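A.B. asks: what shape does this take:
(one chain, ligands or ions: 2)
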Amino acid sequence: MFTKETYMNRRAQLKKTVASGLLLFLGNDECGMNYEDNTYPFRQDSTFLYFFGLPYAGLSAIIDIDNDKEIIFGDELTIDHIVWMGTQPTIKEKSERIGIPCTQSAKSIESYLKNAMAKGQKIHFLPTYRAEHKLKLMNLLGYLPKPEEASVPFIRAVVNQRNYKSAEEILEIEKACDVTADMHIKAMQMLRPGMRESDVAGALEDIALSAGGGLSFPTIATINGQTLHNHYHGNVVKEGDMLLVDAGAETAMGYAGDMSSTIPVSKKFTSRQKDVYDIQVASHLAAVEALRPGIPFKEVYELSSKVIVEGMKSLGIMKGDADEAVQAGAHAMFFPCGLGHMMGLDVHDMENLGEVYVGYDGEPKSTQFGRKSLRLGRKLEPGFVLTIEPGVYFIPELIDLWKGEKKFTEFINYDKLETYKDFGGIRNEEDYLITESGSRRLGKKIPLTTDEVEALR
Ligand code: GLY
Ligand code: MN
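C.D. replies: Ligands and ions are numbered 1, 2, ... in the order given. Next up, the predicted model:
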């Protein structure tokens, strides 16, 4: 945990911004995988972690701005809990650790809120993403609120704090990035024909867990890189395949790393793989080059998309004017996802609070296929931490669909594209901090170019 002052200062800033009402924070509970006592690894809610730092299940909190009160609600462990899971500090000790002297039992939050509502206080709550939060809200408010009833001033205030990473947060993120880089370097070193994808996934997860934290998201290690989020690890890899690895570590304090790499199963890429790989790297480097305060990330996405179109033109797969193709959305055949996202206590930072607030500062997102998946579009500012992860994907079902619809025939040579239908997908991903003058890569460098990757094979 950070010092008490960090959490006190964060809460003071939040109170000042929202200015009135009562802020409700629901921590996470243990969650059974297949029966109650066999739980998923516990992960505290990230906003709760940010303002209260306590990585324990069963807590909730209130910041009553109108009455200048901060309260942690929770129950002491019973002897049965202690026998099963070990002991913990008392609720009082936990709360004092973060500068909150006032604690009450878990159940007391109900009467506190009922009194506040009876007095006409505004109850600010955040969007929910777990069933237990919905049930709790229903119980506390007396009805199940619709998602749009979550408090926009509360969301915006939280986003406006968490989007700007402090020096101590950047240190934590960089720790996560270093472990994440080790995971990718290990994958590049160990991959051999005849292994299963799960051999690689297991070795990477070993590194993350051995470093004292966990994973920031479920590992992707797949020979089917054309599927953007493929968590199947049952294939045996063979000469000529490429393994796409997208994996990240989370520190014990909950900060994320997130990197991707694409590795030839043979010692070297084939020349066809190298052609496409080089296009992806050129797109990646163009994006990194453009990172600086003031540039809208939407523009960085346009730049990197244009490099992909130019590359596809050089292979004879696309044709026509690259700017027009990108504006029309034809590039999304190969790049149907975003270029990157904010990263912090969540791998996609604060996605539960709404991409429009986190990544677009309240402006509407595009609804065009491809562009609509860009999680970040706003002007970049110092303190933002984000990923750069363009990809080039050949998705047989998408090729068939668009070809059948004769979509973008002015930009796509479908006959040539047919010959790449079995290609798979390529993605490389790094994490960057926006600085006052430009950007800085976070964590150790992982091999990016084909030469750099092949040197580890
Ligand atoms: N690396 C996981 C993701 O960005 O979705
Ligand atoms: Mn990512």
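A.B. asks: write out the residues of this protein neighbouring ligand 1.
C.D. replies: 217, 246, 258, 347 (CB under 6 Å from any ligand atom). All C-beta atoms are positioned from the backbone trio N, CA, C, and that covers glycine.
A.B. asks: which pair in those residues spans the largest distance?
C.D. replies: Farthest-apart pair in the residues of the chain next to ligand 1 is 246 and 347; separation 10.2 Å (CB to CB).
A.B. asks: the two: which is more packed in?
C.D. replies: Neighbour tally, residue 246 and residue 347, criterion other CB atoms under 10 Å: the higher count belongs to residue 246, 26 against 20.
A.B. asks: smallest gap between the stretch 51-200 of the chain and ligand 1, at which residue?
C.D. replies: At 9.9 Å from ligand 1, residue 180 is the closest residue in the stretch 51-200 of the chain, using CB to the nearest ligand atom.
A.B. asks: name the residues of the host helix or strand of that residue that are buried.
C.D. replies: Remark: residue 180 resides in helix 167-190, with elements defined by DSSP states H and E. Within helix 167-190, the residues that count as buried by 16 or more other CB atoms under 10 Å are 169-170, 172-188.
A.B. asks: what about the one helix or strand in the chain whose mean pLDDT sits lowest, distance to the chain center?
C.D. replies: Lowest by mean pLDDT, DSSP states H and E among the helices and strands of the chain is helix 79-85, with a mean of 91. Distance of helix 79-85 from the chain centroid (CA atoms, centre = their mean, to the nearest Å) equals 34 Å.
A.B. asks: can you check stretch 402-416 too?
C.D. replies: On CA atoms, centre = their mean, the centre of stretch 402-416 falls 33 Å from that of its chain.
A.B. asks: avg pLDDT for it?
C.D. replies: In this model, stretch 402-416 has a mean pLDDT of 98.
A.B. asks: all strands for the stretch 251-400 of the chain, in order.
C.D. replies: 259-264, 385-388, 391-393 (DSSP state E, counting those that start in this stretch).
A.B. asks: looking at the ones you listed, which is nearest to residue 356?
C.D. replies: So among those, strand 385-388 is nearest, using CB to CB, at 16.4 Å.
A.B. asks: picking up where we left off before, ok, and which of the buried residues of helix 167-190 reach ligand 2?
C.D. replies: Filtering the buried residues of helix 167-190 for proximity to ligand 2 (criterion: CB under 5 Å from the ion) leaves nothing.
A.B. asks: quick one: contacts for the closest residue to the residue of the stretch 51-200 of the chain closest to ligand 1 other than its chain neighbours?
C.D. replies: Once flanking residues are discounted, residue 180 sits nearest to residue 257: 3.2 Å by CB to CB, 6 or more residues apart in numbering. The contact partners of residue 257, by CB atoms under 8 Å, 6 or more residues apart in numbering, come to 173, 176-181, 216, 248-250, 343, 431, 442-443.
A.B. asks: where does residue 257 fall, phi/psi-wise?
C.D. replies: Here is the backbone geometry of residue 257 (degrees, to the nearest 10): phi -120, psi 160.
A.B. asks: residue 341 reaches residue 373, doesn't it?
C.D. replies: No. Residue 341 is not in contact with residue 373 according to CB atoms under 8 Å; the separation is 10.0 Å.
A.B. asks: higher neighbour count, these two?
C.D. replies: Each of residue 341 and residue 373 has its neighbours counted (other CB under 10 Å); residue 341 has more, 24 against 17.
A.B. asks: contact partners for the nearest residue to that one once chain neighbours are set aside?
C.D. replies: Nearest non-adjacent residue to residue 341, counting by CB to CB, 6+ apart: residue 375, 4.1 Å away. Applying CB under 8 Å, 6+ apart to residue 375 gives the contacts 338, 340-342, 348, 351, 355, 358-359.
A.B. asks: try residue 311
C.D. replies: 276, 278-279, 282-283, 392.
A.B. asks: just residue 342 next, same as before
C.D. replies: 163, 348-350, 358-359, 375-376, 384-386.
A.B. asks: coming back round to it: what's the closest of the residues of the chain next to ligand 1 to residue 456?
C.D. replies: Using CB to CB, residue 246 comes nearest to residue 456 of the residues of the chain next to ligand 1, at 17.7 Å.
A.B. asks: that closest one: what secondary structure?
C.D. replies: strand (DSSP: H, G, I helix; E, B strand; the rest coil).
A.B. asks: that one and residue 6: what is the separation?
C.D. replies: To residue 6, residue 246 is 31 Å away according to CB to CB, to the nearest Å.
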